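K.L.:
Any chance you can model this:
(one chain, ligands or ions: 1)
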Amino acid sequence: MYNYDIAIVGGGPAGLSAAYTAAKAGAKVILFERDKSVGQFVRTSGVSWICEMKKLEIPEKLYNPIKNYRFVSHKNEITIKGSEYRSCVLDVRSLYQYLSFLAAKAGADISINSNVVDVLSSKNNNRISGLIVNTPKGKTEVRTRLVIDASGFNSFVGRKLGYVSTWKRYGVGAEFECYCDQADPETWTLMVGSNYSPAGYAWLFPLSSNRVRIGVGIGKPESLIDPLKVLNNIIENKFKPLAELGIIQPIEYHYGYIPNQGARNCSVFEGLILVGDSAGQSNPLVLEGIRHAIEFGRLAGQIGSASLSSYCSKNSLMDYEHEWKKQLSSRIESALRVQSRWIGLTDDEWDREISILRDMSVDEFIDFISSEFSPRKMIKLALNHPKLVARQLFNLIIKK
Ligand SMILES: Cc1cc2nc3c(=O)[nH]c(=O)nc-3n(C[C@H](O)[C@H](O)[C@H](O)COP(=O)(O)OP(=O)(O)OC[C@H]3O[C@@H](n4cnc5c(N)ncnc54)[C@H](O)[C@@H]3O)c2cc1C
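P.N.:
Predicted coordinates:
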């Protein structure tokens, strides 16, 4: 009756990771990716954290290590220097292809160039029972017991079934991957203030001393401006610190959307799991979601395959919902409060705000920027930084 136990929509980090663990657990799995190859279009700038990559067993050759963190505003500039490599810039395409190899080796079928265009649901209880997919071999119907919606910002299946709606608050980013004469390969830079983004920030993320990603992210609905326009202006005028790079020659263009609204109210339904951006699992403070997509993708695959014996009922999938929300929900809420402060700052306020970051130790900074906000850590942070302006910022996190 079923072609597959589990069908996965989307071959980003969440879908590929779900395919890997589900197939490893013995389920018959297919993943559909509408692009012509895994990682064909990069929709992310790929900053992450080395300890998280190690936990997820991502090989070191797939990222450029970073130890210094620079912030540039209208009239201020700070650098937090570390003695160890704690952050990294991912080779996104190679990472996603590595994740696809793990899934394929575990036995998952991966169908590229395959756009999921509709869902099948049973008439009596409106439960999802399959997908309609445009594949290179033609339009196909796939019957399945469980669907994992890993379609990213799109939340294609969840929206099709009316379980979730389009994100109202989101970020849009435009980025060029560029040749440059000289970049510091150990330092990433965030640029803040109206020159760089009317509601967000710009970035300079190095992959090597000659290769950088330069991008702009803009929050919606706060600003209607297209980030590409702002990005071109920054590059043309070589706003600080771009003049330091010498020749800047874009060689690749990236564009993407990221939800910026917190977690979906619910990410499991009868026969359906939402994961990654589809479920709202990214950190809204610095628009960071790859590690969560991999971690909770793997969890979705494990719990999804275990639920096959229970008809993939919503009840049998609840452990997934509880686990990821236990780990992420309060951090996402705190990050949203900091973000709403940051989105409203004027240039002068940004000049002052980045001085708060300058006073932080590397450990404090990394906990803060990666939203590792445990109450104990944040109380310590507030005690270590008693100035009023710093307290106001940290209180936003501690506040329940
Ligand atoms: C500008 C920008 C910068 C970012 N920077 C960072 C960063 O520095 N660090 C970080 O960790 N995160 C960053 N993120 C966030 C990160 O990219 C996402 O959180 C992450 O990619 C989510 O993974 P995912 O698998 O859920 O979705 P995606 O990576 O979006 O993958 C979804 C996949 O589903 C496919 N798909 C969609 N609909 C269908 C369909 N109907 N049929 C078949 N396939 C379909 C898409 O083609 C895509 O390949 C950034 C995001 C943006 C937009």
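K.L.:
Please make it C-alpha for all contacts and neighbour counts, starting now.
P.N.:
OK.
K.L.:
Return the residues of the stretch 51-200 of the chain in contact with the ligand.
P.N.:
114-117, 150-154, 156, 172-174 (CA under 6 Å from any ligand atom).
K.L.:
what residue of this structure is the furthest out?
P.N.:
Here the chain reaches farthest from its C-alpha mean at residue 124, the gap being 36.8 Å by CA atoms, centre = their mean.
K.L.:
Poorly predicted segments of the stretch 101-250 of the chain, please.
P.N.:
Low-confidence segments of the stretch 101-250 of the chain (pLDDT under 70): none present.
K.L.:
What are the boundaries of the helices in it?
P.N.:
Using DSSP state H, counting those that start in this stretch, the helices of the stretch 101-250 of the chain run over residues 156-160, 227-236.
K.L.:
Give me the contact list for the first one.
P.N.:
If I follow you right, that is helix 156-160. 9, 118, 119, 149, 151, 164, 165, 166, 274 (CA atoms under 8 Å, 6 or more residues apart in numbering).
K.L.:
now do stretch 72-82
P.N.:
Contacts for stretch 72-82 (CA under 8 Å, 6+ apart): 67-71, 189-195, 240-241, 347-348, 350-352, 354-355, 358, 360-362.
K.L.:
please redo it, this time with the cut-off set to 7 Å
P.N.:
67-71, 190-193, 347, 350-351, 358, 362 (CA atoms under 7 Å, 6 or more residues apart in numbering).
K.L.:
For the ligand, state which of these is nearest.
P.N.:
residue 190 (11.0 Å; CA to the nearest ligand atom).
K.L.:
Give the bridge partners for the closest one, please.
P.N.:
Beta-bridge pairing of residue 190 under DSSP bridges involves residue 71, residue 203.
K.L.:
Please look at it and residue 205 and confirm they touch.
P.N.:
No. Counting by CA atoms under 7 Å, residue 190 stays clear of residue 205, with 8.5 Å between them.
K.L.:
more crowded one of the two?
P.N.:
More crowded of residue 190 and residue 205, by other CA atoms under 10 Å: residue 205, with 28 against 20.
K.L.:
number of nearby residues for residue 343?
P.N.:
Using other CA under 10 Å: residue 343 sits among 18 other residues.
K.L.:
contacting residues around the closest residue to it other than its chain neighbours?
P.N.:
Sequence neighbours aside, residue 199 is the residue nearest to residue 343 in space, at 5.3 Å (criterion: CA to CA, 6 or more residues apart in numbering). Taking CA under 7 Å, 6+ apart, we find residue 199 in contact with 218, 219, 222, 223, 343.
K.L.:
can you do 8 Å?
P.N.:
So residue 199 contacts 217, 218, 219, 222, 223, 343, 344 (CA under 8 Å, 6+ apart).
K.L.:
Can you say which of those are buried?
P.N.:
Buried subset of those (neighbour count, 16 or more other CA atoms under 10 Å): 217, 218, 219, 343.
K.L.:
which among the residues you listed gets closest to the ligand?
P.N.:
residue 217 (5.9 Å).
K.L.:
The closest one and residue 167: what is the separation?
P.N.:
16 Å (CA to CA, to the nearest Å).
K.L.:
Please apply the same query to residue 121.
P.N.:
Between residue 121 and residue 167 the computed distance is 24 Å (CA to CA).
K.L.:
neighbour-wise, which of these two wins?
P.N.:
The neighbour comparison of residue 121 against residue 167 (other CA under 10 Å) goes to residue 167, with 18 against 15.
K.L.:
quick one, what contacts the residue nearest in space to the middle of the chain?
P.N.:
Per CA atoms, centre = their mean, the C-alpha nearest to the average position across the chain is that of residue 289, at 2.2 Å. Residue 289 makes contact with 276, 277, 281, 282, 283, according to CA under 8 Å, 6+ apart.
K.L.:
quick one: what helix or strand has residue 89 in it?
P.N.:
Secondary-structure element containing residue 89, defined by DSSP states H and E: strand 87-90.
K.L.:
That strand: how far from the chain's middle?
P.N.:
Taking the mean C-alpha point of strand 87-90 and that of its whole chain, the gap between them comes to 13 Å (CA atoms, centre = their mean, to the nearest Å).
K.L.:
Stretch 270-279 now?
P.N.:
Worked out by CA atoms, centre = their mean, stretch 270-279 lies 15 Å from the chain centre.
K.L.:
what about it, how long is it end to end?
P.N.:
15 Å.
K.L.:
what do you get for stretch 201-219?
P.N.:
Start and end residues of stretch 201-219 are separated by 9 Å (CA to CA).
K.L.:
Give me the buried positions along that stretch.
P.N.:
201-208, 210-219.
K.L.:
Which ones among those also lie next to the ligand?
P.N.:
residue 217.
K.L.:
Which of the contacts of stretch 72-82 scores worst on pLDDT?
P.N.:
Among these, residue 358 has the lowest pLDDT, at 84.
K.L.:
To what extent is the residue nearest to residue 245 when sequence neighbours are not counted buried, counted in neighbours?
P.N.:
Closest residue to residue 245 apart from its sequence neighbours, by CA to CA, 6+ apart: residue 182 at 5.0 Å. Using other CA under 10 Å, residue 182 is surrounded by 16 other residues.
K.L.:
Surely residue 182 and residue 209 touch.
P.N.:
Yes. The criterion here is CA atoms under 8 Å, and residue 182 meets it with residue 209 at 5.5 Å.
K.L.:
Does residue 357 lie in a helix or a strand, and which?
P.N.:
For residue 357, the host element (DSSP H and E) is helix 347-358.
K.L.:
Now do the contacts for residue 176.
P.N.:
Counting by CA under 8 Å, 6+ apart, residue 176 has contacts 213, 214, 215, 250, 251, 252, 253, 254.
K.L.:
Now do the closest residue to it other than its chain neighbours, the pLDDT please.
P.N.:
Once flanking residues are discounted, residue 176 sits nearest to residue 253: 4.7 Å by CA to CA, 6+ apart. Looking at residue 253, its pLDDT reads 98.
K.L.:
Also residue 2?
P.N.:
So, for residue 2, pLDDT stands at 64.
K.L.:
Can you tell me who residue 254 pairs with across the strands?
P.N.:
Applying DSSP bridges, one finds that residue 254 bridges with residue 175.
K.L.:
and residue 387, how many neighbours?
P.N.:
If you count neighbours by other CA under 10 Å, residue 387 ends up with 11.
K.L.:
likewise residue 70?
P.N.:
There are 19 residues near residue 70, going by other CA under 10 Å.
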